[in-house]
Every structure is written in structure tokens, then in C-alpha cells.
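> Have a look at this prediction, sequence included:
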Amino acid sequence: MKITILGATGKTGGELLTRALQGGHHVTALVRHTEGLPQSDQLLVIKGDVTDAHDVAKASQGADVIISTLGPGGNGLMTNTVKAVIAAAHETGTKRFILMSSFAVKKQRLSLGMRLMSGMAMGKMVEDKQTSEELLRGSGLDYTIVYATLLNDGAVSSKVRVPKAEERLSMKNKISRASVAAWMLREAEKSEHVGEDVIITE
């Protein structure tokens, strides 16, 4: 499989990159800074801007899937990135897109305390993500939006789960970046949640 990663130099993106290469996939990483990336015949590194449709198209030409592990967002980062991915898809034909988001966006699923905290501390970030995700849902792309709970640096867990609809999410809901990366890579391989929003936690 040919995978394009946006955010490959971040913690979750680095986990995804490592796992994809170990799985025998061919990866293109679109990054601003190339330092720290591994050397591999399976890896093509393109220096560019994830919010630039031309750069995204260049990085995703011939790709089976684009996966974004970009961080918190804000200042329009996620909205502009999704716009670039949508525009690039019209040029390249790459319609499969897996987007990592935060459970803070799913306000109706949060405990009262978490809702208040996210509103005060993450208001701009949440607004940016919400706008980008609405654009994605109306884009015609084969998307999956992955809402990870609080991230940590633990190992991959065998206890990753999708919380039941009635479960309220709080600070106690955590998941390792390695587990998120493993889940996203499996979704890229299996395409079990196309057109869906999926919350994952441990």
C-alpha cells in the first residue's frame, strides 16, 4: 500500500511512520522539516506545506490513502489542511483520507468537567477542528475521522475500544499514541469505518 502521512514528524505521526514501514508499506511524508526522519528505501520525504494543495497533491500522487496525524491545530491549520486535501484529491484521485482528531470536539460525549475545561482551554482548536470536519463530511472523500482521547506515550494496548454511545468521556479516558497509530494503520489497510466518526480509547 502507498500511504501519504501529514504530520510524520510529530509523536503520533512518528509512531505511524515506523509501523507503516515495518508493515512493508511505501510511505510519503510531507513535512516542513526533514530532521529526524528514518532512512528507508520505502520512504519518500517531500518538504512542503500541508495547507498547500499543490504540495499535498505532489505528496499524494499515486497514494492509496492520506493519513493526517497533525496536532492541536488552531489558527486555521486543520481547516486549511482539509481544504488542501480536498483540492488535491480532485487532481490526484486519492479519495481515502483518515483524519486524527480529538475527543474534545465531541462536546455532547464529554463529562461536564471536561466540557467546561475544553471550552476554556481549547476553544479555538476545537472550533478549527469542527470547521475542518464539516468540510470533510461534505467533500465526497472516503473519510474516517478518528477521535482519540487523552494521549500518552505508552506502548500499544490490546484494550483499545470504541466507547458506547451512553458513555461520558473525561480526563480518565486515555490512549497511547502508539495505539492510535496502530488503529489508524489498520483502518488504512481494512477500511472498516469509511464515512464514519470513531472515538477510540483504552
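In hand now; what should we look at? Numbers count the residues shown, from 1 in each chain.
> How far off centre is the helix or strand where Gln130 lies?
Assigned by DSSP states H and E, Gln130 belongs to helix 123-137. Distance of helix 123-137 from its chain centroid, counting by C-alpha atoms, centre = their mean, to the nearest Å, is 13 Å.
> what's Asp49 in contact with, if anything?
Neighbour list for Asp49: 32, 55 [criterion: C-beta atoms under 8 Å, 6 or more residues apart in numbering]. C-beta: built from backbone N, CA, C; applies to glycine.
> Am I right that it falls within a helix?
No. Per DSSP: H, G, I helix; E, B strand; the rest coil, Asp49 lies outside any helix segment and is coil.
> give me phi/psi at it?
phi -120, psi 120 (degrees, to the nearest 10).
> Could you name the helices and strands sitting against the helix holding Gln130?
Counting contacts by 3 or more C-beta pairs under 8 Å, 6 or more residues apart in numbering; DSSP states H and E, helix 123-137 is packed against helix 77-92, strand 96-102, strand 142-148.
> if we go to 6 Å?
Applying 3 or more C-beta pairs under 6 Å, 6 or more residues apart in numbering; DSSP states H and E, one finds that helix 123-137 makes contact with helix 77-92.
> how about the helix it packs on: buried residues?
Neighbour counts over helix 77-92 (16 or more other C-beta atoms under 10 Å) mark 77-89, 92 as buried.
> in this protein, which spans are helices?
11-22, 53-60, 77-92, 112-121, 123-137, 177-190 (DSSP state H).
> Quick one, which of those gets closest to Ala148.
Closest of the helices of the chain to Ala148 is helix 177-190, at 4.8 Å (criterion: C-beta to C-beta).
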